[in-house]
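Student: the sequence and its predicted three-dimensional model are supplied below.
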Protein chains: 2
Amino acid sequence: MESGTNKQRILECAYQLGGLYGLESLTIGQLAGQLGMSKAGVYGHFGSKQALQLETIRYARTVFLRDVVQPAEEEPAGVPRLWAMCNTLVSYSTDTGLHGGDFWVTVFHEYGSRSGPVRDAVERTFGSWVRRLEELIATAVELRQLEPCDPAQVAFETQALLNAGSHVFRLCHDPKAPGRARAAIRQRLETLRGQAFPVLED
Amino acid sequence: MESGTNKQRILECAYQLGGLYGLESLTIGQLAGQLGMSKAGVYGHFGSKQALQLETIRYARTVFLRDVVQPAEEEPAGVPRLWAMCNTLVSYSTDTGLHGGDFWVTVFHEYGSRSGPVRDAVERTFGSWVRRLEELIATAVELRQLEPCDPAQVAFETQALLNAGSHVFRLCHDPKAPGRARAAIRQRLETLRGQAFPVLED
DNA sequence: TAAGCTAACATACGATCGTTCGTAACGATA
DNA sequence: TATCGTTACGAACGATCGTATGTTAGCTTA
């Protein structure tokens, strides 16, 4: 399957619109209009709106892994790798209008009180994202980069600040918001500074 | 206007449903069904869906002021007052299923990328909420309860953690999430401990 | 009692929703 | 060249959306 497929175009568009307005208010007709296609043409690729939502989530997962998680793997384990991921997410918010992190900020909140297969997929993604943060923090503790701490607690805080950076940036058009998230995470990590704490480059 | 008015019942229901699924997916027919009324009976009180959304926001503001902001005013100025507000929001999440803070967590995120009068009202509410946090923090600095710091930065972090506590509690059914928010805020405040730092009672 | 206001109602409008169906255009295979 | 599967299409379905209109029942005020 090539990347220039029409189905890929649909998913990319659903990804953009879903990140702006959520996956529930996403509409087949809206998607068709945006792409210059007919409703049936869009619909036929998925067979149901729910399948479209689930495939969009799968698409967004691959984008997130490709653009955020994997690039950080080249950094040394522990804090540098964690810091690289945070920086990528923050610069996502400042550089461009729409970006990988924002899709998830929107969708994570959209399905907080819903139920069904889509919600379950969203929750799984959120869980694996937080778990990835926990792993990096636990590794950082093992490497004595950080003082002993509860990785789940620090991961919670990290995710909270990253989400808020993206959210406040959008809701209030406040260009300082992503930087505030970055500064807060840096401050938190330095609070936990261990013997082998690495330099956090800008 | 009595509190038992039918219009009040509608607003209360819109407040509940809006906190669960957002104000955009809120529907006149859904509201009417829930209340045992006709669509026209509900609609007549507002004249448009947008007016209903705006009135629901106004209603939610008064609830928030009554249940979160005003009770804290009885505490001493600065950190105790700030801490009381945080505690109220956190126990909101743990005690009951739905509550004042969660409406705003949902709605704040729902309108992050939208436009129009409803979004503007939401943004104003968010702004005044964060500004209230800033005032309390600035006062705490003046009273030497906290070391000198940027109140806007600390307010950003506080709001981020409170929102995340409510959000993770709902999305992941994680009863520890609100407590994590509370612990993170407490840790952050103690990092900024000044000469007159008060005891943070449990 | 008579008049007027309010709140609720039933009904209906056009638009749009997700979905289904039948079909034309196209490329690959035989 | 004939056949088949893919991909798109137009048209239409019933349901539901927000909204408009006309009307009834009950209260208030004269």
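Tutor: It's in.

Student: what's the neighbour count on the residue of chain A found nearest DNA strand C?
Tutor: Here the residue of chain A nearest DNA strand C is A:Gly29; by Cβ to the nearest atom of the strand that distance is 2.8 Å. C-betas here are computed from N, CA, C, even on glycine. Using other Cβ atoms under 10 Å in any protein chain shown, the number of residues around A:Gly29 comes to 11.

Student: roughly how far does A:Gly194 sit from DNA strand D?
Tutor: Distance of A:Gly194 to DNA strand D, computed by Cβ to the nearest atom of the strand, to the nearest Å: 53 Å.

Student: which residues touch that residue?
Tutor: A:Gly194 makes contact with A:Ala140, A:Val141, A:Arg144, A:Gln145, A:Leu146, A:Glu147 under the criterion Cβ atoms under 8 Å, 6 or more residues apart in numbering or on different chains.

Student: got it, and A:Ala164?
Tutor: Contacts of A:Ala164 (Cβ under 8 Å, 6+ apart): A:Ala177, A:Ala181, B:Phe156, B:Glu157, B:Gln159, B:Ala160, B:Asn163, B:Ala164.

Student: so what's the first one up against?
Tutor: With contacts taken as Cβ under 8 Å, 6+ apart, A:Ala177 has the following neighbours: A:Ser93, A:Ala164, A:Gly165, A:Ser166, A:His167, A:Val168, A:Phe169, B:Phe156.

Student: for A:Lys176, see how far away the last one is.
Tutor: This points to B:Phe156. 9 Å (Cβ to Cβ, to the nearest Å).

Student: who's more crowded, those two?
Tutor: Applying other Cβ under 10 Å to B:Phe156 and A:Lys176 shows that B:Phe156 carries more neighbours, namely 26 against 16.

Student: secondary structure element for that one?
Tutor: helix B:151-171 (DSSP states H and E).

Student: touching chain B at all, stretch A:103-123?
Tutor: Yes. Using Cβ under 8 Å from any Cβ of the partner chain, stretch A:103-123 reaches chain B at A:Val105, A:Thr106, A:Phe108, A:His109, A:Glu110, A:Tyr111, A:Gly112, A:Ser113, A:Arg114, A:Val122, A:Glu123.

Student: put the alpha carbons of whichever strand or helix holds the first one into PDB.
Tutor: It stands for A:Val105. In the assignment (DSSP H and E), A:Val105 maps to helix A:100-110. Taking Å, rounded to 0.1, in the frame of the first residue of the first chain, the C-alpha atoms of helix A:100-110 are listed here in PDB:
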ATOM      1  CA  GLY A 100       0.800  15.100  16.500                       C
ATOM      2  CA  GLY A 101       0.500  15.800  20.100                       C
ATOM      3  CA  ASP A 102      -2.700  17.900  19.700                       C
ATOM      4  CA  PHE A 103      -4.700  15.100  18.100                       C
ATOM      5  CA  TRP A 104      -4.200  13.100  21.200                       C
ATOM      6  CA  VAL A 105      -4.900  16.000  23.600                       C
ATOM      7  CA  THR A 106      -8.200  16.500  21.900                       C
ATOM      8  CA  VAL A 107      -9.100  12.800  21.700                       C
ATOM      9  CA  PHE A 108      -8.000  11.900  25.100                       C
ATOM     10  CA  HIS A 109     -10.400  14.400  26.600                       C
ATOM     11  CA  GLU A 110     -13.200  13.700  24.200                       C
END
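
Student: give the rounded mean pLDDT of that helix.
Tutor: Across helix A:100-110, pLDDT averages out at 90.

Student: and the angle for the helix or strand that it is followed by with helix A:151-171?
Tutor: Next helix or strand after helix A:100-110 toward the C-terminus (DSSP H and E): helix A:117-142. With axes from the mean of the first three to the mean of the last three Cα atoms, to 10 degrees defining the directions, helix A:117-142 sits at 120 degrees from helix A:151-171.

Student: helix A:117-142: how far from the chain's middle?
Tutor: 11 Å (Cα atoms, centre = their mean, to the nearest Å).

Student: check stretch A:162-180 too.
Tutor: Here stretch A:162-180 shows a centroid-to-chain-centroid distance of 14 Å under the convention Cα atoms, centre = their mean.

Student: what's the end-to-end length of it?
Tutor: Terminal residues of stretch A:162-180 are spaced 9 Å apart (Cα to Cα, to the nearest Å).

Student: what do you get for stretch A:66-77?
Tutor: 18 Å.

Student: buried stuff in it?
Tutor: Across stretch A:66-77, burial judged by 16 or more other Cβ atoms under 10 Å in any protein chain shown covers A:Val68, A:Val69, A:Ala72, A:Glu75.

Student: report the closest residue of chain A relative to DNA strand D.
Tutor: Proximity of chain A to DNA strand D (Cβ to the nearest atom of the strand) peaks at A:Gly41, 2.3 Å away.

Student: give the contact list for that residue.
Tutor: A:Ala32.

Student: and chain A, which of its residues are near DNA strand D?
Tutor: Within chain A, the residues that sit near DNA strand D (Cβ under 7 Å from any atom of the strand) are A:Asn6, A:Lys7, A:Ala32, A:Gly36, A:Met37, A:Ser38, A:Lys39, A:Ala40, A:Gly41, A:Val42, A:Gly44, A:His45.

Student: element containing the second one, please.
Tutor: Assigned by DSSP H and E, A:Lys7 falls within helix A:6-21.

Student: now swap in the third one and tell me
Tutor: With secondary structure defined by DSSP H and E, A:Ala32 is part of helix A:28-35.

Student: quick one on the thing from earlier: which single one of the contacts of A:Ala164 is nearest to B:Ala196?
Tutor: Set against B:Ala196, the nearest of the contacts of A:Ala164 by Cβ to Cβ is B:Glu157 (21.3 Å).

Student: fine by me, thanks again.
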